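Chemist: pasting the sequence and the predicted coordinates here, then a few questions.
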Amino acid sequence: MKILMVCLGNICRSPLAEGIMKTKVPKSFIVDSAGTISMHEGEHPDKRAIKTAANHGVDISKQRSRPITRTDFETFDKIYCMDIDVYADVVSKAKNEDERQKISLFLEAAGDHKNAEVPDPYWGDMKDFENVFQLLEKGCNAIKEQIPK
């Protein structure tokens, strides 16, 4: 199974989701993250995201931001988007219905709330990053349970 987490800049939500999901699935799974913009390409996750993850025993410090690519649609089985704008952008890049079927809103796929969005903590404080971590943790647990064993 190959899973891609996507947010806007790939420095807050999707790196956290990648790190959390990697702790929940077998090592044979591929879990990665990307952004819909290349503004932070090559950068490590936001320091607050790194610290929040580390507080929960998850190391995301070696991740690097990258934009989503055409190849991702062929490589990944599931593509989870953190909010509606990211979802719309990713869907617009899909070339056919098979690729579109791989894409979903993260929290909706996790069964939380219809059309729910993971809030972007970038403009917030450590409390906002912790809240996002908790949402992603709960969502990753739910998604893990949906994966065929």
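Modeler: On my side now, so go ahead.
Chemist: contacts and neighbour counts: CA atoms only from here.
Modeler: Will do.
Chemist: who touches the longest helix seen in the chain?
Modeler: The single longest helix within the chain, with elements called by DSSP state H, is helix 126-146. Outside helix 126-146, the residues that touch it by CA atoms under 8 Å, 6 or more residues apart in numbering are 13, 16-17, 20-21, 24-25, 48-49, 52-53, 106-107, 109-112, 118-121.
Chemist: can we see that at 7 Å?
Modeler: Residues outside helix 126-146 that contact it (CA atoms under 7 Å, 6 or more residues apart in numbering) are 16-17, 20-21, 24-25, 48-49, 52, 107, 109-110, 118-119, 121.
Chemist: how about stretch 53-71?
Modeler: Applying CA under 7 Å, 6+ apart, the contact partners of stretch 53-71 are 10-11, 15-16, 19-20, 34-38, 40-45, 50.
Chemist: which among those end up buried?
Modeler: Buried by 16 or more other CA atoms under 10 Å: 10-11, 15-16, 19-20, 34-37, 40-41, 44-45, 50, out of those.
Chemist: those in helices, which ones?
Modeler: Residues from these lying in helices, with DSSP H as the criterion: 15-16, 19-20, 50.
Chemist: in TSV, list these along with distance to residue 83 and pLDDT.
Modeler: Formatted as TSV, those follow (distance: CA to CA, whole Å; pLDDT from 0 to 100):
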residue	distance to residue 83	pLDDT
15	14	98
16	14	98
19	18	98
20	18	98
50	21	98
